[in-house]
Every structure is written in C-alpha cells, then in structure tokens.
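Visitor: Whatever this is, show me its structure:
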Amino acid sequence: MSYTEGPNDRLAHHISRLAGDMVELDEIEQLLIGLQRAKHITRTEMIELQARYLHEAKP
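Guide: You can find the predicted model right below:
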C-alpha cells in the first residue's frame, strides 16, 4: 500500500502554500491516508491515529 497524491491533495497543497503554510506529510502520515483511502480504517480512526502519532512524536 502506498500514498498517491490525488487532485484534492494538490488543491490543498496550493491553498496551504498560498496561505504561507507549508505542510509536508511524513511517511507515517502518508501511510495513514493510504489506509483510509483503501478503506482499511475509517476517517475518524485515521484522524485519531494521526493525532496520537503527532502527540507522541512531539519533542
């Protein structure tokens, strides 16, 4: 399973860039998006896992 950028991802990237916010997803976040898109986890589960990951990865 791998993350592939879709049209909505490109739009979100450009909107973030124009707003002055550069967002780069790491491999774990890309994996979570791939799992959600493949319907292995729900969107709610993906958000909860990403929030937990970001909290644990925080220095």
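
Visitor: quick one, phi psi at Gly20?
Guide: Per-residue torsions, Gly20: phi 90, psi 10 (degrees, to the nearest 10).

Visitor: burial count for it?
Guide: 6 (other Cβ atoms under 10 Å). Any C-beta I mention is one placed from the backbone N, CA and C, and that applies to glycine too.

Visitor: got it, and the one 3 residues further on?
Guide: Neighbour count of Val23, defined by other Cβ under 10 Å: 11.

Visitor: How far does the longest helix anywhere in the chain sit from its chain's centre?
Guide: As assigned by DSSP state H, the longest helix anywhere in the chain is helix 43-57. Between the centre of helix 43-57 and the centre of its host chain there is 10 Å, according to Cα atoms, centre = their mean, to the nearest Å.

Visitor: helices and strands around it, which ones?
Guide: Contacts defined by 3 or more Cβ pairs under 8 Å, 6 or more residues apart in numbering; DSSP states H and E place helix 43-57 against helix 27-37.

Visitor: now the helix it packs on: mean pLDDT?
Guide: For helix 27-37, the mean pLDDT works out to 91.

Visitor: So which elements touch that helix?
Guide: Going by 3+ Cβ pairs under 8 Å, 6+ apart, helix 27-37 lies up against helix 43-57.

Visitor: Could you pull out the buried residues of stretch 25-35?
Guide: In terms of neighbour count (16 or more other Cβ atoms under 10 Å), stretch 25-35 has its buried residues at 29, 31-35.
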